[in-house]
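1. sequence-free structure coming up:
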């Protein structure tokens with residue numbers, strides 16, 4: 001990863017990272033997991049975006065916290081952060097004396113002309129996620145296996161005009177407790193160099209009718225579930241990564257078409273924080289409540305379609 005990608009990870013809100021790790025943060029403090037703590041001695045500095053335990057002395061930033069708590073090396077801690085917060089990392093680091101190459105759409109377009117789903121992809125999409133086959137066709141999802149036999153689900157990103165602008169490769173074998181392979185974990189997501197994976201499912205914007213509701217979801221899986229439920233939906237990587245021009249595009253829909261926006265925030269503190277951030281960008285955004293026991297909309301959708 002290059003220095004700009006690394007800075008994105010270091011800039012992730014330290015308290016949000018702690019909450020993703022399972023810490024109960026209250027008033028910028030929590031119990032320190034690195035010693036037998038009973039008095040919430042770990043403190044978080046929002047201004048410095050860092051943590052420090054005033055008993056055992058453990059301190060650092062977002063990456064340090066993941067390395068120490070999950071006992072990962074630097075590279076795998078960065079990958080974990082990127083996976084958990086939808087930060088795009090390039091597959092390889094370009095040479096310092098050469099500018100990054102733009103996304104080569106022509107190289108990848110043919111991959112989505114004929115959708116081929118391996119057994120792992122079918123199980124993930126249809127058996128586990130209960131996604132409507134029509135949605136899979138609309139989104140042009142396909143799959144492949146690498147030389148190590150790892151199955152990947154390929155998700156294309158198109159702009160509003162239907163131009164391929166990026167690809168997300170999802171590791172279908174990935175799990176939070178997976179064992180490292182060859183000394184390193186196979187990442188949860190991979191993106192070809194130059195991929196612009198901002199707003200997902202932009203072509204649906206062309207189908208909006210005046211006054212219709214567009215749902216904003218927190219990832220591709222939630223978007224597929226929302227589409228399968230019969231709603232028009234897009235997905236974003238995160239509020240912090242949503243470009244200003246993309247936010248303006250969405251608000252323009254509200255002004256010109258009277259488009260209404262809806263969202264089912266994930267049932268956790270980061271999900272609530274994301275909704276608040278988006279509400280500041282899109283004042284017309286309406287919050288919908290997930291039922292108790294459902295962590296996100298995909299989970300809710302699955303509960304409705306599981307006997």
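-> Structure received. On a predicted model such as this, the values are computed, not experimentally measured, just so you know.
2. What are the phi and psi values at the closest residue to residue 247 other than its chain neighbours?
-> Distances taken as CB to CB, 6 or more residues apart in numbering place residue 281 nearest to residue 247, at 4.4 Å, with adjacent residues excluded. Where C-beta positions appear, they are placed from N, C-alpha and C, glycine not excepted. For residue 281, the backbone dihedrals are phi -80, psi -40 (criterion: degrees, to the nearest 10).
3. pretty sure residue 43 is touching residue 51, no?
-> Yes - contact status for residue 43 versus residue 51: in contact at 7.0 Å, counting by CB atoms under 8 Å.
4. Neighbour count for these two, which is higher?
-> residue 51 (27 against 16; other CB atoms under 10 Å).
5. In which helix or strand does the nearest residue to the more buried one once chain neighbours are set aside reside?
-> The shortest distance from residue 51 to any non-neighbouring residue, by CB to CB, 6+ apart, is to residue 44 (5.2 Å). Residue 44 belongs to strand 42-45 when assigned by DSSP states H and E.
6. Mind giving me the packing neighbours of that strand?
-> helix 14-20, strand 29-30, strand 50-53 (3 or more CB pairs under 8 Å, 6 or more residues apart in numbering; DSSP states H and E).
7. at 6 Å what do you get?
-> On a contact count with 3 or more CB pairs under 6 Å, 6 or more residues apart in numbering; DSSP states H and E, strand 42-45 meets strand 50-53.
8. any idea how far the strand it packs on is from the chain center?
-> 26 Å (CA atoms, centre = their mean, to the nearest Å).
9. ok, now stretch 162-178?
-> 10 Å.
10. how about it: buried residues?
-> 164, 165, 166, 167, 168, 169, 170, 171, 172 (16 or more other CB atoms under 10 Å).
11. from the residues you listed, which is closest to residue 78?
-> Top of the list for closeness to residue 78, among the buried residues of stretch 162-178 and by CB to CB, is residue 171 at 15.9 Å.
12. That closest one and residue 188 touch, don't they?
-> Yes - with contacts counted by CB atoms under 6 Å, residue 171 reaches residue 188, the gap being 5.4 Å.
13. need the helices for this structure, in chain order.
-> Along the chain, the segments classed as helices by DSSP state H run 3-10, 14-20, 62-70, 74-85, 105-109, 119-122, 133-139, 220-228, 244-257, 269-281, 297-304.
14. Now do the shortest one: which elements does it pack against?
-> The one in question is helix 119-122. Using 3+ CB pairs under 6 Å, 6+ apart: helix 119-122 touches no other helix or strand.
15. So what's the residue count around residue 207?
-> 9.
16. what do you get for the one 3 residues further on?
-> Residues lying near residue 210 (other CB under 10 Å) number 8.
17. so what's it up against?
-> With contact taken as CB atoms under 6 Å, 6 or more residues apart in numbering, residue 210 is in contact with 257, 258.
18. do you know how far it is from residue 253?
-> Going from residue 210 to residue 253 by CB to CB, to the nearest Å gives 10 Å.
19. before we move on, what about residue 225?
-> 22 Å.
20. Residue 9 now?
-> 32 Å.
21. which one of these two has more residues nearby?
-> residue 9 (22 against 18).
22. Contact partners for the residue nearest to residue 51?
-> 14, 15, 28, 51.
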